[in-house]
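> Pasting the sequence and the predicted model now:
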Amino acid sequence: MKFAVIQFPGSNCDQDLMAALRDVCQQDVQLISYQSTDLSAFAAVLLPGGFSYGDYLRGGAIARFAPIMGAVQQFAAGGGLVIGICNGFQILTEAGLLPGVLQRNQGADFICQSAALTVANAKTSFTSAYADQQSIQLPIAHGEGNYYCDDATLAQLKAEQRIVFTYQDNPNGSRANIAGITNQAGNVLGMMPHPERAVEALLGSEDGRGLFQSMIQTLTDKVVPV
Ligand SMILES: NC(=O)CC[C@H](N)C(=O)O
């Protein structure tokens, strides 16, 4: 069971994600270039935070055309677990794998702080290690984290319980306090906060570890015993 962390030009959280999975969660993890076109060897795919292609046009707007994205689309269509964190979330919305857009923060400032979140749905492949409505603390660091979607999409997200994380004190103007959502099938998650920066007490919070533990549990349960 191997995890892939995709490195785009301008990614800056790829090594943090690698460290969280490899050193803290003891998982087999490999850094994959944006130029690769094959993800068949992996059980899960992670798109890290950063400033891919310098955030030109908008965060994620150019990265969605990177060679690896065809394989990410295929991987997601096949039901594989895909997570996009921060810039990764932006890339997934730009690629159409998740609905809505990440706009410039209300107030236009880049925000770098700790954020209190609520686990709005603990029955997903990414959050099963948490309790429903659990309060957690994760860092945020973004200029374009203001999630927007139209009324119909919001109603659908709510009805299908696809809003997974919400801000307790909305820092960026996101619609319905949304900090993270899944796709309809539940195998693709995008979130602005950084769980990989909160996996050890030394980092100020261990609350992000549950996300990786949930993914590991989901993937372990999937493995058919011989
Ligand atoms: N930490 C990040 O991934 C930054 C995300 C994005 N480039 C922004 O500023 O909104």
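Done, it's in.
> Enumerate the residues of this protein near the ligand.
Within the chain, the residues that sit near the ligand (CB under 6 Å from any ligand atom) are Gly49, Gly50, Phe51, Asp55, Gly59, Cys86, Asn87, Ala141, His142, Gly143, Glu144, Gly145. C-beta here means a position set from N, CA and C on the backbone, and glycine is covered the same way.
> Give me the contact list for whichever helix in the chain runs longest.
Counting residues, the longest helix found in the chain (DSSP state H) is helix 209-222. With contacts defined as CB atoms under 8 Å, 6 or more residues apart in numbering, helix 209-222 is touched by 1, 20-21, 24-25, 27, 43-44, 81, 83, 124-130, 136, 195-196, 198-199.
> Try it again at 6 Å.
If you take CB atoms under 6 Å, 6 or more residues apart in numbering as the criterion, helix 209-222 is touched by 1, 25, 43-44, 81, 125-130, 195, 199.
> For my notes, please list these in JSON lines and give pLDDT for each entry.
Shown next, in JSON lines, are the contacts of helix 209-222 (pLDDT from 0 to 100):
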{"residue": "Met1", "pLDDT": "90"}
{"residue": "Cys25", "pLDDT": "96"}
{"residue": "Ala43", "pLDDT": "96"}
{"residue": "Ala44", "pLDDT": "98"}
{"residue": "Leu81", "pLDDT": "97"}
{"residue": "Ser125", "pLDDT": "97"}
{"residue": "Phe126", "pLDDT": "98"}
{"residue": "Thr127", "pLDDT": "98"}
{"residue": "Ser128", "pLDDT": "97"}
{"residue": "Ala129", "pLDDT": "97"}
{"residue": "Tyr130", "pLDDT": "98"}
{"residue": "Pro195", "pLDDT": "98"}
{"residue": "Val199", "pLDDT": "98"}
